[in-house]
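Enquirer: dropping the sequence and predicted coords here.
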Amino acid sequence: MNHQSIADSRPGGAWLEISTERRNPATVDLDTRSTTAILEAMNNEDAVVPGAVRAVLPPLSQLVDRAVEAVQGGRRVHYFGAGTSGRLGVLDAAELLPTFNLEEGVVVAHHAGGDAALVRALENVEDSWESGASDAADVAPGDVCVGIAASGRTPYVGGALETARRRGASTALITCAREPELGSLADFVLIADTGAEILAGSTRLKAGSAQKLILNGFSTALMIRLGKTWSNLMVSMVATNEKLRARTVRILMEATGQEEDLCRSSLELSDGDLRVALLCMFNDVSPEDARAALASTRGSVRAATEFLNTQGSNSTTTA
């Protein structure tokens, strides 16, 4: 792959052939429309997004399974992106820590230009293949590296994926381009074809929405597969404020069917750890035994419950 050609071709006609950059014939009179008509046009185009995302579910499922294997094996997941795509990766990774009590450093987001580019647009930083390669320097064999690039050709993402692959990582590309130029660098290519934006080239719109949904699906399914939930409840969440502490009580009440006072008491005895409280109430064990079961099952409440049931059965048999 000619790294330089990707950046150099941007000003010319080749760049305009990318599906995400094309002009939308349905909105050529956009600037003459009323506010309501503009919003209706956006809403009409937004309706395309769920179908485009559904088309990538098969490779997305395979990517999740690969990431589960990686994380269970002590490896990491990396996101690489620039501009809107990069910010979406940062947002997704950051929200996993409080929502699922994920250990820091398991899912890592790399954004072209670093922290400064998160709140201030530094569009030129995405053109550096070398910068992406540098940011991927700490990728280890067995890691999973996900490049996020609406256009499918962002040099920063290309440099990261090329380096990651060379270092023995699995690679994926999330894109909205029909023929992504970086596709050859990815083991998993997820193309959500959202077509032309209502405002030509503004990929923070449909393309951004599609990428957000794909990242939501990837990380949420990954956390569920890793045992970070019980049923459809967020039992691994970190309660850092009054709203979240009240939520843990409600979740415990929902899961166990017990009264509020009993659930509050169990949480207090469990030092606020909802997983521990659940296991104590489900299995009539001490917080110490619950923590030991969680440690033996990588933090999965369901697996820990099965573990405790097995232990109880063994004790009964022995007796």
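Expert: Received, thanks.
Enquirer: which ones are touching Gly132?
Expert: Residues in contact with Gly132 (CB atoms under 8 Å, 6 or more residues apart in numbering) are 80, 112, 155-161, 163. No exception for glycine: its C-beta is placed from N, CA and C like everyone else's.
Enquirer: closest to Ala239 out of those?
Expert: Checking these against Ala239 with CB to CB, the nearest one is Phe80 at 31.8 Å.
Enquirer: looking at strand pairing, list the partners for that closest one.
Expert: His110, Gly147 (DSSP bridges).
Enquirer: near it, how many other residues are there?
Expert: Close neighbours of Phe80, defined as other CB atoms under 10 Å, add up to 32.
Enquirer: thinking it is in contact with Asp135, fair?
Expert: Yes. Look at Phe80 against Asp135 with CB atoms under 8 Å: they come within range, at 6.8 Å.
Enquirer: now for these two: what residues contact both?
Expert: What both Phe80 and Asp135 touch, as defined by CB under 8 Å, 6+ apart, is the set 110, 156, 160.
Enquirer: let me see the ranges of the strands in the stretch 51-200 of the chain.
Expert: For the stretch 51-200 of the chain, applying DSSP state E, counting those that start in this stretch gives strands covering 77-81, 107-111, 144-148, 170-175, 188-191.
Enquirer: in CSV, list the ones you listed along with distance to Glu126 and mean pLDDT.
Expert: Output for the strands of the stretch 51-200 of the chain, formatted as CSV (distance: least, CB to CB, whole Å; pLDDT from 0 to 100):
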stretch, distance to Glu126, mean pLDDT
strand 77-81, 9, 98
strand 107-111, 10, 97
strand 144-148, 11, 98
strand 170-175, 14, 98
strand 188-191, 19, 98
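Enquirer: and the ones you listed as TSV, adding distance to Leu262?
Expert: Shown next, in TSV, are the strands of the stretch 51-200 of the chain (distance: least, CB to CB, whole Å):
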stretch	distance to Leu262
strand 77-81	38
strand 107-111	35
strand 144-148	42
strand 170-175	45
strand 188-191	45
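Enquirer: tell me which of those sits nearest to Glu288.
Expert: Per CB to CB, nearest to Glu288 of the strands of the stretch 51-200 of the chain: strand 107-111, 30.0 Å.
Enquirer: tell me what that closest one is packed against?
Expert: strand 77-81, helix 83-100 (3 or more CB pairs under 8 Å, 6 or more residues apart in numbering; DSSP states H and E).
Enquirer: ok so, going back, now the shared contacts of Phe80 and Asp135 in a markdown table, with neighbour count?
Expert: Formatted as a markdown table, those follow (neighbours: other CB atoms under 10 Å):
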| residue | neighbour count |
| --- | --- |
| His110 | 26 |
| Tyr156 | 32 |
| Ala160 | 35 |
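Enquirer: just name the closest of these to Asp46, please.
Expert: Tyr156 (27.3 Å).
Enquirer: list the residues that contact the closest one.
Expert: 80-82, 112, 125-129, 131-132, 135.
Enquirer: please repeat the previous calculation with a cut-off of 10 Å.
Expert: 7, 80-83, 85-86, 110-113, 125-136, 147, 149 (CB atoms under 10 Å, 6 or more residues apart in numbering).
Enquirer: swap in Thr171?
Expert: 63, 78, 80, 136, 139, 143-147, 160-165, 182, 185-189.
Enquirer: then Glu103?
Expert: 71, 96-97, 299.
Enquirer: so how far is Ser296 from it?
Expert: Going from Glu103 to Ser296 by CB to CB, to the nearest Å gives 17 Å.
Enquirer: ok, Met42 next?
Expert: Distance from Met42 to Ser296, by CB to CB: 51 Å.
Enquirer: also Glu288?
Expert: Glu288 is 13 Å from Ser296, by CB to CB.
Enquirer: before we move on, the earlier item: got a quick ChimeraX command for the buried subset of the contacts of Glu103?
Expert: If you want just the buried ones from the contacts of Glu103 in ChimeraX, going by 16 or more other CB atoms under 10 Å, the selection is:
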select :71,96,299
